[in-house]
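Student: Provided below are the primary sequence and the corresponding predicted coordinates.
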Amino acid sequence: MKRDKQLRVLETKGRYEVRDGRLYTKGREKVASVINGYRQHIIFNGRGWGREVAYEHEIIYLYERGVYEGVIDHLNSIRDDNRIENLEAVSCRENVLRSRTPMDWDSWNDKELRPALD
């Protein structure tokens, strides 16, 4: 997430509560859509710019640890386990290296071996 978006999301900190790796609003768990196993939220700040769409793990990391560089990695690779102790800010490269599905980068340019990107 880019720094300017991180700062806008941080403005919403008082509107939502984090418990057990989930976001709550007014005592109820905030409804999330799930995209590729990641919980995603629309958050509102009420200051005129309206809303932001962000992944729950990014929001929780921002609320608990603040602005970060790179991306947020799930240490146990479970995409909806957003407990703060399971989240770590890492570089994009480190995130790929930690991936459970290793990629043979040498064969990436071989069209026959490249996965379909439709």
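Tutor: Structure received.
Student: C-alpha only now, for contacts and for neighbours.
Tutor: OK.
Student: From the chain's centroid, how far away is the longest strand that the chain contains?
Tutor: In the chain, taking DSSP state E as the definition, the longest strand is strand 38-44. Put simply, strand 38-44 sits 9 Å off its chain's centre (Cα atoms, centre = their mean, to the nearest Å).
Student: Pairing partners for it, with directions?
Tutor: strand 33-35 (antiparallel), strand 51-55 (antiparallel) (DSSP bridges).
Student: Report the buried residues of the longest one.
Tutor: Think strand 51-55. Neighbour counts using 16 or more other Cα atoms under 10 Å place 51-52, 54-55 of strand 51-55 among the buried residues.
Student: Just give me the least confident of these.
Tutor: Lowest pLDDT among the buried residues of strand 51-55: Arg51, with 75.
Student: sec struct for Asn95, please.
Tutor: Put simply, Asn95 is helix when judged by DSSP: H, G, I helix; E, B strand; the rest coil.
Student: Who are the contact partners of it?
Tutor: Counting by Cα atoms under 8 Å, 6 or more residues apart in numbering, Asn95 makes contact with 71, 73.
Student: What part of the protein, helix or strand, is modelled with the least confidence?
Tutor: Using mean pLDDT, DSSP states H and E, the weakest-scoring helix or strand in the chain turns out to be strand 51-55, at a mean of 85.
Student: following that one, which helix or strand comes up?
Tutor: helix 56-65 (DSSP states H and E).
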